[in-house]
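In: any chance you can model this:
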Amino acid sequence: MRSALSLSMLLLAFAAPAAAQQATQVSAQPLSIEEALDLAERASESVGLARSGLAQAQGERQRARSGYYPQLTGSASYTRALRSQFSGLQDNGPDSPLPEECSTFVPRPGLPIEERLDSLESALECASNSDPFAGLANDLPFGRENTYRLGLSFSQNLFTGGRVSGQARAAEASVRSARLGLTSAQAQLLLDVTEAYYDAALGDRLVAIAQASLEQADTTLSQAQLARQVGNQSEFDLLRARVTRDNQRPVVIQRQAARDIAYYRLKNLLNLPPEAPLELTSHLVDTGLVRTARLAKLVETPGDTTADARAPVRQADEAVTSQEGLLRAARAQRWPQVSLTSDYAAFGYPDDASPVSSDYLSDWVVVLGFQVPFFTGGRITGDVAVAEAGLEQARLRLRQTRELAQLDARNTQLQLAAATAAWEASAGTEEQADRAYQIADVRYREGISTQTELNDLRIQLAQAQANRAQAARDLQVARMRLALLPSLPLGTTTGSETTTGAPTVNAPGGQTGSSQTTPYQPPRARAQGVLSSVQPSGVVGP
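Out: The predicted structure follows:
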């Protein structure tokens, strides 16, 4: 019984890693190029930043347009006076003696002169000793403990000399530029995901080629060992076969590392965990362009290479429009500013601090304002000079961007032409190389051919397979780039090409980035840099 239990536990221990490995293999997520594009668009930070920039530009436009409309503001306040300089006008308290009330002086001509003088002096003495504000202290607003104020303010620009219209024009151009920036970010993401996906697929293919070459070298080594044992081959041939096999192992390791890096880049674009297993279902040999609904949304005319259709050129043109609006707003400061304002206020002074137990007094004024800048110390002149310089920079930037767009379009066309030529040239070469290697292998086993011939044909087969896979990848990316060209930023590169710099079209008044151009590299030359698919000598394998 114990032996049976121990055997069961042993079998379970051996089966657990196999089950875990099988579960890992089953959990690999199948991913097509269309699904990768969907995931990337939902999780891209760059697209999210572009959307935020568009929302910000729309807010700036709304704020600029607010100058056309009247401004209406309400206010309410309560004031509690703890001590006031007007407290002497009020009663001193319940225990204070009441002020003497003076009777009205009435002259009496019939009385003697002495009595008339006495009555006059008494009236003057009473008037000098009495409070002149007696009876009015409770009705005046000065020094009251509780004060409520309800206000309503109105203002409307009647004439601004073009300041509001200039700011609105600049803001409208910024919104259009931000919308183009969002389209460019989405197009760039589409191209980046396409490139990363096919780089990963290329990595899988190159790993398979390297492993097949290693297996072929292993087979050759086994045959050489057997021939050495029977005395048909020399020790030199055996050592050569072993060195050839050992040299192929680092190639496999390099291909696997390059493939893992390509997968990590793809997962990074899709916001997937680095350890998440993926299974790519779109193959390199399918050279049809990925046509999705999002491509039609991003590009009105796919493949349009005219400079004026490029998003960076259109953004630079919007920057010129924005600077023209800012220049108009700066010059408008020299004109008179006419505005209409109105303020209405209601004041209440209740005794018990209740806002509903008081009679409110109204105060309403209407003001027609007129302002003319006679002297500003050169501020307006400086603002105009800055706006004029910004407009000149924007125009030069537009001209520079248009020239770079023409160069970039030509570069893209050359890339597609070279990729198409490489794809067509590689057609049939892989099958011919495979057939030649099979014949050489038979000849080698029969003792007709030499190991040198077999190794050369193995290298040619690996080279043909790598060239075919590289050509398929380059053709996929080149076609997608040409289709997205109108919406792409300037100098978008494929593979390991150096990025061609383009002038950065910033907000009005901003600066431009540095620019440089990089000569075009054909796919065959770039194959040495992409995933190390070809050795410096142009030979794959040992």
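
In: now do the longest strand along the chain: distance to the chain's middle.
Out: Identified as the longest strand of the chain according to DSSP state E is strand 146-159. Put simply, strand 146-159 sits 41 Å off its chain's centre (Cα atoms, centre = their mean, to the nearest Å).

In: next one: stretch 455-467
Out: 44 Å.

In: what comes up buried for it?
Out: Under the neighbour-count criterion of 16 or more other Cβ atoms under 10 Å, stretch 455-467 has N455, L457, R458, I459, Q460, L461, A462, Q463, A464, Q465, A466, N467 buried. For the C-beta atoms, the positions are set from N, CA and C on the backbone; glycine is no exception.

In: the longest strand of the chain packs against which elements?
Out: strand 71-80, strand 337-348 (3 or more Cβ pairs under 8 Å, 6 or more residues apart in numbering; DSSP states H and E).

In: tell me what angle the shortest one forms with strand 337-348.
Out: It stands for strand 71-80. Angle of strand 71-80 versus strand 337-348, following axes from the mean of the first three to the mean of the last three Cα atoms, to 10 degrees, is 30 degrees.

In: now do strand 71-80, average pLDDT.
Out: Averaging the model's pLDDT scores along strand 71-80 yields 93.

In: now tell me what touches that strand from outside.
Out: 145-156, 353, 355 (Cβ atoms under 8 Å, 6 or more residues apart in numbering).

In: just the buried residues of stretch 455-467: which are in helices?
Out: Residues from the buried residues of stretch 455-467 lying in helices, with DSSP state H as the criterion: N455, L457, R458, I459, Q460, L461, A462, Q463, A464, Q465, A466, N467.

In: please identify the helix or strand for the spatially closest residue to the fifth one that is not a sequence neighbour.
Out: Okay, so that is Q460. Spatial nearest neighbour of Q460, excluding adjacent residues (Cβ to Cβ, 6 or more residues apart in numbering): A433 at 5.1 Å. Element membership for A433, per DSSP states H and E: helix 429-445.

In: tell me the buried residues in that helix?
Out: Residues T429, E430, A433, A436, Y437, A440, D441, Y444 are the ones in helix 429-445 that count as buried (16+ other Cβ under 10 Å).

In: how far away is the fourth one from L484?
Out: Applying Cβ to Cβ, to the nearest Å, the value for A436 to L484 is 40 Å.

In: tell me where this protein has helices.
Out: With DSSP H as the criterion, the chain has helices spanning 2-26, 33-43, 45-65, 113-129, 163-230, 235-270, 293-298, 311-331, 379-426, 429-445, 451-484, 523-526.

In: where in the chain is pLDDT low?
Out: 1-26, 86-105, 126-143, 286-294, 492-542 (pLDDT under 70).

In: most remote residue from it's center?
Out: P112 (104.1 Å; Cα atoms, centre = their mean).

In: returning to what we had before: just flag the most distant two among the buried residues of stretch 455-467.
Out: The most widely separated members of the buried residues of stretch 455-467, counting by Cβ to Cβ, are N455 and N467 (18.5 Å).

In: re the thing from before, closest to Q85 among the buried residues of helix 429-445?
Out: The closest of these, once distances to Q85 are taken by Cβ to Cβ, is E430, at 102.4 Å.

In: pull the residues that contact the longest strand of the chain.
Out: For strand 146-159, the external contacting residues (Cβ under 8 Å, 6+ apart) are 67-68, 70-81, 141, 164, 335-353, 355, 358, 360.

In: partners of that strand, with directions?
Out: Strand 146-159 pairs in its sheet with strand 71-80 (antiparallel), strand 337-348 (antiparallel), by DSSP bridges.

In: circling back to that earlier point, just name the most buried of the helices and strands packed on strand 146-159.
Out: strand 337-348 (a mean of 16; mean count of other Cβ atoms under 10 Å).

In: now do it: distance to the chain's middle.
Out: On Cα atoms, centre = their mean, the centre of strand 337-348 falls 44 Å from the chain's centre.

In: got the angle between that strand and helix 163-230?
Out: Angle between the axes of strand 337-348 and helix 163-230 is 100 degrees (criterion: the same axes, to 10 degrees).

In: what's strand 337-348 in contact with?
Out: Outside strand 337-348, the residues that touch it by Cβ under 8 Å, 6+ apart are 141, 147-161, 163, 355, 358-372.

In: select only the buried ones of those residues in PyMOL?
Out: Of the contacts of strand 337-348, the buried ones can be selected in PyMOL as follows, counting by 16+ other Cβ under 10 Å:
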select buried, resi 147+148+150+157+160+161+163+358
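
In: just to revisit the earlier point, ok, which of the helices of the chain comes nearest S282?
Out: Closest among the helices of the chain, using Cβ to Cβ: helix 33-43, at 4.3 Å.

In: the closest one packs against which elements?
Out: Using 3+ Cβ pairs under 8 Å, 6+ apart, helix 33-43 is in contact with helix 163-230, helix 235-270.

In: residues contacting it, please?
Out: By Cβ under 8 Å, 6+ apart, the list of residues contacting helix 33-43 reads 47, 186, 189-190, 192-194, 197-198, 266, 269-272, 282, 290, 292, 294.

In: how far away from the center of its chain is it?
Out: 17 Å.

In: now the angle between helix 45-65 and it, please.
Out: 50 degrees.

In: CA atoms of helix 33-43 as PDB?
Out: Taking Å, rounded to 0.1, in the frame of the first residue of the first chain, the C-alpha atoms of helix 33-43 are listed here in PDB:
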ATOM      1  CA  ILE A  33      -2.200  42.300 -36.400                       C
ATOM      2  CA  GLU A  34      -5.800  43.600 -36.300                       C
ATOM      3  CA  GLU A  35      -6.200  42.700 -32.600                       C
ATOM      4  CA  ALA A  36      -2.800  44.200 -31.800                       C
ATOM      5  CA  LEU A  37      -3.900  47.500 -33.400                       C
ATOM      6  CA  ASP A  38      -7.100  47.500 -31.300                       C
ATOM      7  CA  LEU A  39      -5.300  46.900 -28.100                       C
ATOM      8  CA  ALA A  40      -2.700  49.600 -28.800                       C
ATOM      9  CA  GLU A  41      -5.200  52.300 -29.600                       C
ATOM     10  CA  ARG A  42      -7.000  51.700 -26.300                       C
ATOM     11  CA  ALA A  43      -3.900  51.600 -24.200                       C
END
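
In: what angle do that helix and helix 451-484 make?
Out: Using the same axes, to 10 degrees: helix 33-43 against helix 451-484 is 50 degrees.

In: quick check: the gap between the residue nearest to the spatial centre of the chain and A170.
Out: In the chain, the centroid-proximal residue (Cα atoms, centre = their mean) is L49; its distance is 2.7 Å. Distance of L49 to A170, given as Cβ to Cβ: 22 Å.

In: ok, now A50?
Out: 20 Å.

In: these two: which is more packed in?
Out: Neighbours were tallied for A50 and for A170 using other Cβ atoms under 10 Å; the higher tally belongs to A170 (27 against 22).

In: for that one, what are its contacts?
Out: A170 neighbours (Cβ under 8 Å, 6+ apart): A64, T321, S322, Q323, E324, G325, L326, A329, P508.

In: now it: closest residue in space, sequence neighbours ignored.
Out: Closest to A170 by Cβ to Cβ, 6+ apart is G325, at 3.4 Å.

In: and what of L206?
Out: Leaving out its chain neighbours, L206 is closest to R255 (Cβ to Cβ, 6+ apart), at 4.9 Å.
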